[in-house]
Structure formats: structure tokens, C-alpha cells
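Engineer: Just a sequence and a predicted model for now, questions to come.
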Amino acid sequence: MGTRTGVALGLAVALLAATACSAGGRDDEGADEGAKGPGGGGTGIEFAGMPDGCDGSVEAPSTDLLVDACGRVVILRGTNVESSAKGDSQGDDHLPASGQASQKHLSSLGWNSVRFLIFWGAVEPTKGRYDEAYLDVVEDWLDLYARQGVHVVLDMHQDIYGWKVHGNGAPDWAVLTDGLEAKPPPEGQPWYLAAVDPATQVAYQNFWDPSRGHPELREHFLDTWRHVAERFADHPAVIGYDILNEPVFANGDLDATLAIQADAEAGRFHNTNLTEFSQQAIDAVRSADDDAWIMIEPTSLVNAFPYPGDLVAKDLHDPRKGEPRLAYAPHLYEPSVHDGNGYAVDSPYVGKWEGYRVREAEDLGATLYVGEFGGSPDNARMDQYLDDVLAMADRNMLSWAQWSWDPPADPEGSWSPVTVDGKLTANGERLARVYPRAIAGVPEAFSWDPNTHTFRMTWRERDGVEGPTELGVPLRAFHAVGGIEVGGDDPAPVRLVLDGKDLDVQPDAERGVIALEPTADGPTHEVCVHWGSEDDPC
């Protein structure tokens, strides 16, 4: 293996930190017909748990926070649905193989959101023609999520550009390789090495570089986003749009990317092409939807090492009427964990990622949303890795979606949090934690101690907000509260202390929610929840 090839292989690991899981299939279980109307419940589909009279008129208290139609601050916690939707070719249905029935298990973790994969090639399989039948089924899924009280981020997904070059995302007509034929990676080699194939590199550059003679590719991609936003702007489940999963090679081909590594590591690399594209996508979505959050990602190169981000903050803005609603959506994949080699005791990754990404979100005036993170439970010290990532997320009050749902029959080694029958996997057990789904005010801090099973939060009141504060509770992990049995052993004892007073809690077992309505006077409130029979910190 030559030196350049070895460098390219190592870089590909960093550039394409994502899982590979392909399967077809779908569940045609019936769903209500979609309907149009103002966001927040003005359609024929009601968003579960949303109080009446919420019209979406209350802006977020600051640009680093999201709010629902009632003005409550929302912390998105959930999963990607799902890797199986990628399929092996453009002709697959590109819908989750687990089917709609599996989504009921979201409530067992108390999760309130999913990052739902859609694909340019599924929306516009023929140049200039949109597949409304595909979007109709996507809308069925959105209806299902609305009925469950689950927010959806629509993710325009790609890995290795498109199916025609052994990836997924772009329609076959938009994969222009200048006559080269892409070859799959050698047997036994990682799937992501398909990105270094010369044909794949040409396909990427024909999309990213209009000077090569194909500016229509980018235009069609942006028009596809306009169409998707027009279809779903009024759907009560849709809270955001992730404009392009793990963008790569916007700055040039593999050679150009290798050449800027030193500058990227030092924070001197500014990806003006990706920044311009991101602004174009923001403008495209805003032409149809003025309310949802728009998620923008740095190039995937910076996520893996990690390096400082490459977007140029001063050149990005939200043209909506009102305060900006942008989300910075980098992924979080510690390279050794991603590749199954364990989590080193002295790994600096999570701390470095936090330092870079929190500051970059502030520079962008955006909320921070981790669109993907995960790894196999077979990794050494995987529990500690998840604890470190999740504690970091809590102290920064950021949102996340783990990778990915894809429930297996056998939980052994699965990244998924649940099995097909709804049992928590090893990862699911560690991801199970109490968190604030919706806060009727402004959160000041919250945390979960996985060793004592204790949650704490403080928040302050805010005028104009409707509805209760809601906590997501992982009923499947802790079995039950308030005498509601959800399977397994006897109900685990729980204590909830709100503003110094013990409460008799009765959770909504259908949604995995405890609702809090403080009665104490004063501008601030504090809650402590302790699960289990061990020493009670509350």
C-alpha cells in the first residue's frame, strides 16, 4: 500500500464517520390523511400534549434555544430513523425497515424527537419531477409522530454522494462521473473507502464546483428543499430541516482536502463554498417555511479529529421575520469508538469537541444540535463514553439524536437503543435518563447522575408561555412510576421534589412524560427526581 493511499484511507475514516446499515422494507400500517394549516396544531393532525390555544407566536428567549408552539423551551432528545432507509439503489423505497409500529417504543425512553432520513434521489428520482407518492408516505410518518408528541427534524441524507457510486443520497441522473465507473471497496475494507474512488470524487466535484459545467445540480438540490419545505411547513410535527448530512469535499477533491489538513487543525481553514451553499439552502427553505429551525453542518472532516469548524459565521444569516432560528448540527464520533476500538482513558475528544462546537454555535447565533453520535456497546469503556457525551450535552443544555434506531432481533453489539420487541439494548440502558422535554420558562441548568439515577433542574418563569413543564422519563429502563407497570420487575420507587415539596407523580405512560405545574411563588423553580431504592439525594 503506497504512502498516499495510506493517508487517504486514514483520512476517509475521519471524513465519513457514520454507520453503514442497508436494508429495505416498510410497514404500511395505516395513518391519518395529512392536512395543511398553521404550525402547532392547526391541521387535521393534533400534536399530542400540546395545550390548546398555542399559535407559535412566542419567540425563543434566546437564539441558542428552541421553543414549541406554546413558547416552551424544547430540548430535543431522540434518535435517527433510520439507517435502513438508505437502501442499496435509488429504486428502493427509502423508508425505515422497522416500520411505524416500532415507533411506539420511543415513549419507553421518554424521547421527544427523531431525525428522519429523507433523500434527494427519493424526492426527485427523475430530473425536474418530484415523487409525491414518496412524500405522501413521509407525511404518514409525520402524522404518526404528531400523534405521539414527537418533534421531527427532516434530514436530507447522503453518504458517498449517491447509490450510483456505492453510496446513497443523490438521484442517479445527478451522479455525473465524466465516464468513470465507480468500484466498490475491496472485500473486507470499510464501506466509506468508496469515497476515495476517482469516479466518486468526480461526482462530488461536479456537484460542488459549478465551474465544471453543471450548476444545475446544485439548483435542483435547492429546488428540492423548497418543495419539501412547501409540503411540510404547516405540519405540526416538523420542527426543523437538516439541509445536508455530513457534507464533504465542498472545498475540493481528496488531494485538496489532504492539502488543508494543517490549516484545518489550526483553525485557519474557512470553507467559503460550503458556507455559500448553506446560505443558499437557508434561503431556499425560508422561501416556504418561516418558522422551523434550519440545521447547518460543518464538513465532516472537522467532526472526527476534531478540528475547529469551517463555516464562516459572518456570512450566514437567517432572513426570517423575527429572531434567527438556526441550529448548528455537527456530528460527534470519537474515531476509536466509531471503529470499535474502545474509548481510551486519556481520550481528549469529548472535551475538544465541546470547546470548539459550543463556541462556534455562539458565533453563529445558533442552538447546538448533535445530529448523530453513537458506537457499538462492544467497545471497551462504552458506558463511560456515553456518560461523558451525555453529561457534556446536559451541561450545555443541547439537543441530540443518537445513531440510530434500526431495532435488531438480537441486541448483541447493536448501536440501536431497542430491540424489535422494545427491550432496551446495552446502549439503550445507558441512554435512558430523565431530561426536560419542554420547559415553561427558561432553563438555567439540568443534570442526570447515572450512578444514583437522580435528575435535577432549575428554571425561571417567563411571560407568555403556555402549558406545563414536561420531563421525559425512561419508563422501560426504570419499569414504572406511580404504580403504572410497563413490563419487567416490580415498579421502581420514585421520589419527585418540586420547590422543596414532595409530589405524588402520575406519569403519562403513553408518552413517557411527567408534567409539572409549580404552585410556589417566585420567579425560579427547582425539581429533583430520584429513581430507585438507593440513598436518596433529593
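Structural biologist: Arrived safely.
Engineer: residues contacting residue 113?
Structural biologist: Listed by Cβ atoms under 8 Å, 6 or more residues apart in numbering, the contact partners of residue 113 are 76-78, 150-153, 239, 399, 401. C-beta here means a position set from N, CA and C on the backbone, and glycine is covered the same way.
Engineer: For those, could you give me a markdown table that also reports pLDDT and secondary structure?
Structural biologist: Below are the contacts of residue 113 laid out as a markdown table (pLDDT from 0 to 100; DSSP: H, G, I helix; E, B strand; the rest coil):
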| residue | pLDDT | secondary structure |
| --- | --- | --- |
| 76 | 98 | coil |
| 77 | 98 | strand |
| 78 | 98 | strand |
| 150 | 98 | coil |
| 151 | 98 | strand |
| 152 | 98 | strand |
| 153 | 98 | strand |
| 239 | 98 | strand |
| 399 | 98 | strand |
| 401 | 98 | strand |
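Engineer: From those residues, pick the one nearest residue 391.
Structural biologist: The shortest gap between residue 391 and any of the contacts of residue 113 belongs to residue 77, at 13.8 Å (Cβ to Cβ).
Engineer: All the helices of the protein, residue numbers only.
Structural biologist: 3-15, 120-123, 132-148, 198-208, 215-232, 254-259, 261-265, 272-286, 300-304, 335-338, 349-364, 382-395, 426-431, 475-478 (DSSP state H).
Engineer: out of the ones you listed, which comes closest to residue 416?
Structural biologist: When these are ranked by proximity to residue 416, the top entry is helix 426-431, at 7.2 Å, counting by Cβ to Cβ.
Engineer: Flag the shaky bits of this structure, pLDDT-wise.
Structural biologist: Across the chain, the ranges flagged by pLDDT under 70 are 1-43, 479-491.
Engineer: Outline the domain layout of it.
Structural biologist: In terms of domains, the chain is parsed into 9-408, 436-538 (source: automatic domain parsing).
Engineer: Residue 433 is in contact with residue 75, correct?
Structural biologist: No. Counting by Cβ atoms under 8 Å, residue 75 stays clear of residue 433, with 11.7 Å between them.
Engineer: Nearest residue to the middle of this structure?
Structural biologist: Centroid-nearest residue in the chain: residue 371, 3.2 Å away (criterion: Cα atoms, centre = their mean).
Engineer: my read: that residue touches residue 242, true?
Structural biologist: Yes. Contact criterion Cβ under 8 Å: residue 371 and residue 242 qualify, at 5.9 Å.
Engineer: tell me, what's touching those two both at once?
Structural biologist: Common neighbours of residue 371 and residue 242 are listed as 115, 153, 155, 295, 297, 329 (criterion: Cβ under 8 Å, 6+ apart).
Engineer: Spit out the contact partners of the fourth one.
Structural biologist: In this case it means residue 295. If you count contacts by Cβ under 8 Å, 6+ apart, residue 295 has them with 153, 155, 240-243, 326-329, 369, 371.
Engineer: Pick the one among those closest to residue 174.
Structural biologist: Distance to residue 174 across the contacts of residue 295 (Cβ to Cβ) is lowest for residue 243, with 16.2 Å.
Engineer: and that closest one, how far is that from residue 347?
Structural biologist: Computed with Cβ to Cβ, to the nearest Å, the distance linking residue 243 and residue 347 is 30 Å.
Engineer: Output the domains of the chain in JSON lines; the columns should cover distance to residue 415.
Structural biologist: Written out in JSON lines, the entries for the domains of the chain read as follows (distance: least, Cβ to Cβ, whole Å):
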{"stretch": "domain 9-408", "distance to residue 415": "5"}
{"stretch": "domain 436-538", "distance to residue 415": "17"}
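Engineer: Give me the neighbour count for the residue lying closest to residue 222 once chain neighbours are set aside.
Structural biologist: If the residues on either side of it in the chain are set aside, residue 222 comes closest to residue 284, at 4.4 Å by Cβ to Cβ, 6 or more residues apart in numbering. When neighbours are counted by other Cβ atoms under 10 Å, residue 284 registers 23.
Engineer: In this structure residue 284 contacts residue 225, no?
Structural biologist: Yes. In this structure residue 284 lies within contact range of residue 225 using Cβ under 8 Å: 4.6 Å.
Engineer: what's around residue 538, how many residues?
Structural biologist: The local packing of residue 538 (other Cβ under 10 Å) involves 14 other residues.
Engineer: That one against residue 529, yeah?
Structural biologist: Yes. Judged on Cβ under 8 Å, residue 538 makes contact with residue 529 at a distance of 7.3 Å.
Engineer: That concludes my questions; thank you for your assistance.
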